[in-house]
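J.: pasting the structure only:
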């Protein structure tokens, strides 16, 4: 049972990477008598199948070395490699129970799809690099890996199954990283530095407070002096309105009313500091007795 399982897994895995090379190797080895395939896969040893598979293998070998075209090739073969892997996996079990053949087809299609997605995702990332050397090296490595993997599946089944388990684990770990890898080179916009807003607001308030010697920051003239309790001096000049003659949007009645309310708020706000209010829960002041003509009063 180990050899049919290894054969089904090897053919479906190889079809996900190099479908035509896998079919060519299985057909040639069956033709030479080095292996014995089930009757359901005996058609792979046909001279027509071997010839067409050899021609397509050469075409795939050349197409996979061209940047950007290899991704197009993989996109087209998404609809070819996965069904072929399911068919080869089901045929590797021969004339078994139909339920077992169905499970084998589903597992073979899944394995072929995993290998294909891992290959296509890796090549899509490699195509982002401008130099074509990495593309050629990766494609040659995939050819060698497929060749060695199919040989191990046919002649050393146990070792191939162990290596296949490691490949599936690495693919499951690398696929989420491959989806997020293109964003690694994109510069992340940094957050602006938060200024000391309290200091800025305090400076603006000091500049806009009536009686301040600093220039105003709201476009109005610096008001004149004020008394201790915050009331404006009767002879202090009012805010200049001449600058608003060329600004019709500031001459509206609503804007003038808002300016008037703001001016009153700025003038009367410091008045609260002039008359300190006693807290209702505060302790009463203690009166010290005064001495007058030698006696306390």
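T.: Nice, thanks for sending it over. The model shown is predicted, which means the values in this text are computed figures rather than measured ones.
J.: from now on I want contacts and neighbour counts done on CA atoms only, so please keep to that.
T.: Will do.
J.: what's next to the host helix or strand of residue 149, contact-wise?
T.: Residue 149 belongs to helix 133-155 when assigned by DSSP states H and E. With Cα atoms under 8 Å, 6 or more residues apart in numbering as the contact definition, helix 133-155 has outside contacts at 3, 6-7, 9-11, 14, 17-18, 21-22, 25, 35, 64-67, 123, 126-127, 159-161.
J.: SS state for residue 54?
T.: Residue 54 carries the three-state label helix when classified by DSSP: H, G, I helix; E, B strand; the rest coil.
J.: ok, it - contacts?
T.: 20-21, 24.
J.: which of those residues fall in helices?
T.: Cross-referencing the contacts of residue 54 with the helices (criterion: DSSP state H) gives 20-21, 24 as the overlap.
J.: buried ones in the helix with the most length in the chain?
T.: Residue-count comparison of every helix in the chain, with assignments taken from DSSP H, identifies helix 98-126 as the longest. Within helix 98-126, the residues that count as buried by 16 or more other Cα atoms under 10 Å are 101-102, 104-124, 126.
J.: could you point out which element follows the helix holding residue 149?
T.: Tracing the chain past helix 133-155, the next element assigned as helix or strand by DSSP H and E is helix 157-180.
J.: show me what that next one is packed up against.
T.: Applying 3 or more Cα pairs under 8 Å, 6 or more residues apart in numbering; DSSP states H and E, one finds that helix 157-180 contacts helix 2-17, helix 98-126, helix 133-155.
J.: the inter-axis angle of the helix holding residue 149 versus helix 2-17?
T.: Taking axes from the mean of the first three to the mean of the last three Cα atoms, to 10 degrees, helix 133-155 and helix 2-17 form an angle of 160 degrees between their directions.
J.: residues of helix 133-155 that come out buried?
T.: Judged by neighbour count (16+ other Cα under 10 Å), helix 133-155 contains these buried residues: 134-136, 138-139, 142-143, 146-147, 149-154.
J.: what about this protein, any weak spots by pLDDT?
T.: Across the chain, the ranges flagged by pLDDT under 70 are 174-255, 264-297.
J.: can you rerun that using 90?
T.: When the per-residue scores of the chain are filtered using pLDDT under 90, the ranges that remain are 1-4, 40, 64-71, 93-98, 114, 117-138, 164-297.
J.: want to throw the helices and strands packed on helix 157-180 into CSV with distance to residue 259?
T.: Formatted as CSV, these follow (distance: least, Cα to Cα, whole Å):
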stretch, distance to residue 259
helix 2-17, 76
helix 98-126, 61
helix 133-155, 69
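J.: what's the closest of the ones you listed to residue 41?
T.: Distances from residue 41 to each of the helices and strands packed on helix 157-180 were compared using Cα to Cα; the minimum, 10.9 Å, belongs to helix 2-17.
J.: by how many degrees do the longest helix of the chain and helix 157-180 diverge?
T.: Helix 98-126 and helix 157-180 meet at an angle of 50 degrees, taking the same axes, to 10 degrees as the criterion.
J.: burial of the closest residue to residue 85 other than its chain neighbours, as a residue count?
T.: Nearest non-adjacent residue to residue 85, counting by Cα to Cα, 6 or more residues apart in numbering: residue 12, 4.1 Å away. By the criterion of other Cα atoms under 10 Å, residue 12 has 35 neighbours.
J.: for residue 12, give its distance to residue 124.
T.: Between residue 12 and residue 124 the computed distance is 22 Å (Cα to Cα, to the nearest Å).
J.: pretty sure residue 94 sits in a helix.
T.: No: under three-state DSSP, residue 94 sits outside any helix and is assigned coil.
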